[in-house]
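J.: The sequence and its predicted three-dimensional model are supplied below.
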Amino acid sequence: MLRGLVLSLALIAAAGTARAHLASDSYLRIEIDQAGATGGQWDIALRDLDVAVGLDADQDGTITWGELRAKEGEIAAYAIGRLTLARGGSACVLKPTNLMVDYHAGSAYAVLPFTAECPAGGRLTVGYRLLFDLDPSHRGLLTIAAGDQVKSEVLTPDHAQITVDAGPSRLGDQVTQFLRFGFDHILLGYDHLLFVAVLLVTAALHRRDGNGWVAIDGLGRVLIETIKTLTAFTLAHAIVLTPAVLGAVNLPARLVEPAVAVTIMLAALDNIRPILPRLRWQVAFLFGLIHGLSFASALGPMRLSPLSMSLALGSFNLGVEAGQIALALLLVPIAVALRHEAAYRRLIAPGVSMGALLLAGVWLFDRVFALDLLSLQPMAIAGAGR
């Protein structure tokens, strides 16, 4: 059990050193008018494009409008080369137009409008391959507007091609897609996982007067406290995510992402030396508000109808909760089994917390100071507009 606990947290840490959250999502919108003319717009994060084609020519950590325009042809070729539209089995010809810039949740995105010359008749097929070879965790959030019908899809490496059927999207399919999207978002967001792990490593313990840890008696009490902590974290996500998606809250990623790393450091330090409120669910809720802001760009740019957005938000949050429960099912039984062991209370739990503290410190440095790690940096755009 001890080896399983250490291995689980080590896997989170090892994966997280390569990519600490900053989920890779693009937003593809395809519009079909009543005459059958097809066009669209593709919003792709600059940090992703920098990895794919290289944007920051002078390597100063800031992308200027001139640097972006200099790469406009490469950006269009890279993106259009990884998107296929076909109607009735015959390929459409995609033609990009003027490159623009927009911001989603404080992060800069290249906006690539395009037209599509498609054969008449037949159903539209969409094939998506952007960034899957560089980042399998990348997700393409697709919205298709055809007259009064608006459909949404979450495109993944194993769901990279879809055929657009007539009529509205099936309710069950939408729920399933956004449940999985939320589940993937938490499991691939290594900083969120590490924060939850830091909370759960002491789930079966409580503070005594001398500030040391003692075991909680009774499995039922442990489960209740664990559920309260995870639910508080998810509730905080939902409270922040909804107004953020609707545009009422919009903080830049250069502030939110370092703040997420700080929450991990504080929670880990509290496991070593108490500095936060005794009740874990209060800590989870307070810091969950900050973590929720880093999810803010997940759904908003899809421009769904109010009903579809409500459905997507609810399913997404349930998926996040399911991911946290999956981690709890892995870690809490180990913590419960070892809670009476002095070595766990005095060495293992503090040792795991110290490792999390150091790893979060590395992430904080990357997000604030390491200008060469552009895939982790929100990049300023000088002189550009939409």
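T.: Great, that's in hand.

J.: just checking, what packs against the lengthiest strand in the chain?
T.: The single longest strand within the chain, with elements called by DSSP state E, is strand 107-117. When contacts are defined as 3 or more C-beta pairs under 8 Å, 6 or more residues apart in numbering; DSSP states H and E, strand 107-117 packs onto strand 38-45, helix 46-53, helix 72-80, strand 93-96, strand 100-104. Every C-beta, even on glycine, is put in place using the N, C-alpha and C of the backbone.

J.: Could you point out which of the ones you listed sits nearest Pro243?
T.: For the helices and strands packed on strand 107-117, distance to Pro243 was read as C-beta to C-beta. The smallest value, 14.7 Å, belongs to strand 100-104.

J.: got the buried residues for that closest one?
T.: Neighbour-count burial for strand 100-104, with 16 or more other C-beta atoms under 10 Å as criterion, is recorded at 100-104.

J.: just how off-centre is the longest strand of the chain within its chain?
T.: For strand 107-117, the distance from its own C-alpha centre to the chain's C-alpha centre is 21 Å (C-alpha atoms, centre = their mean, to the nearest Å).

J.: So what are the sheet partners of it and their directions?
T.: Strand 107-117 has the following strand partners under DSSP bridges: strand 38-45 (antiparallel), strand 93-96 (antiparallel), strand 100-104 (antiparallel).

J.: got JSON lines for those strands, with distance to Ser308 and mean pLDDT too?
T.: JSON lines is the format used below for the strands paired with strand 107-117 (distance: least, C-beta to C-beta, whole Å; pLDDT from 0 to 100):
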{"stretch": "strand 38-45", "distance to Ser308": "18", "mean pLDDT": "91"}
{"stretch": "strand 93-96", "distance to Ser308": "26", "mean pLDDT": "93"}
{"stretch": "strand 100-104", "distance to Ser308": "18", "mean pLDDT": "83"}
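
J.: Which of those strands has the highest mean neighbour count?
T.: strand 38-45 (a mean of 22; mean count of other C-beta atoms under 10 Å).

J.: what's in contact with it?
T.: In this structure, residues lying in contact with strand 38-45 by C-beta atoms under 8 Å, 6 or more residues apart in numbering are 24-32, 75, 79, 83, 85, 87, 92, 102, 104, 107-116, 118, 124, 130, 301.

J.: Only the buried subset of those residues, as a PyMOL command please.
T.: A single PyMOL command suffices to select whichever of these are buried according to 16+ other C-beta under 10 Å:
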select buried, resi 24+25+26+27+28+29+30+31+32+75+79+83+85+87+92+102+104+107+108+109+110+111+112+114+116+118+124+130+301
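
J.: these two touch, right, Ala232 and Leu289?
T.: No: counting by C-beta atoms under 8 Å, no contact exists between Ala232 and Leu289, whose distance comes to 10.3 Å.

J.: These two: which has the busier surroundings?
T.: The neighbour count for Ala232 versus Leu289, taken as other C-beta atoms under 10 Å, is higher for Ala232 (21 against 16).

J.: What ranges does the stretch 151-300 of the chain have for its strands?
T.: With DSSP state E, counting those that start in this stretch as the criterion, the stretch 151-300 of the chain has strands at 161-163, 205-207, 213-215.

J.: I'd like those strands as CSV, with distance to Leu199 appended.
T.: Converted to CSV, the strands of the stretch 151-300 of the chain look like this (distance: least, C-beta to C-beta, whole Å):
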stretch, distance to Leu199
strand 161-163, 38
strand 205-207, 11
strand 213-215, 14
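
J.: mind checking which of those strands is nearest Gly61?
T.: Go through the strands of the stretch 151-300 of the chain one by one with C-beta to C-beta and the one that ends up closest to Gly61 is strand 161-163, at 36.7 Å.

J.: Show me what counts as buried in the closest one.
T.: Across strand 161-163, burial judged by 16+ other C-beta under 10 Å covers Ile162.

J.: For it, which strands pair with it and how are they oriented?
T.: For strand 161-163, sheet partners with direction are given as strand 124-128 (antiparallel), following DSSP bridges.

J.: Leu331: which of the strands paired with strand 107-117 is closest?
T.: Checking the strands paired with strand 107-117 against Leu331 by C-beta to C-beta gives strand 38-45 as the closest, at 31.5 Å.

J.: That closest one to helix 72-80, inter-axis angle?
T.: Between strand 38-45 and helix 72-80, the angle comes out at 110 degrees (axes from the mean of the first three to the mean of the last three C-alpha atoms, to 10 degrees).

J.: residue ranges with poor pLDDT in the stretch 1-150 of the chain?
T.: Low-confidence segments of the stretch 1-150 of the chain (pLDDT under 70): 1-23, 34-36, 105-106.

J.: repeat for the stretch 151-300 of the chain
T.: Per-residue confidence for the stretch 151-300 of the chain (pLDDT under 70) gives these ranges: 166-171, 209-211, 244-247, 249-250, 295-300.

J.: which other helices and strands contact whichever strand or helix holds Ile144?
T.: In this assignment (DSSP states H and E), Ile144 forms part of strand 139-146. Applying 3+ C-beta pairs under 8 Å, 6+ apart, one finds that strand 139-146 contacts strand 25-32, strand 124-128, strand 149-155.

J.: picking that back up, show me the one of the strands of the stretch 151-300 of the chain that comes nearest Leu155.
T.: In terms of C-beta to C-beta, the element of those nearest to Leu155 is strand 161-163, at 7.4 Å.

J.: Can you pull the phi/psi pair for the spatially closest residue to Gly127 that is not a sequence neighbour?
T.: Spatially, and ignoring its direct neighbours in sequence, Gly127 is nearest to Thr84 (3.8 Å; C-beta to C-beta, 6 or more residues apart in numbering). Here is the backbone geometry of Thr84 (degrees, to the nearest 10): phi -130, psi 130.
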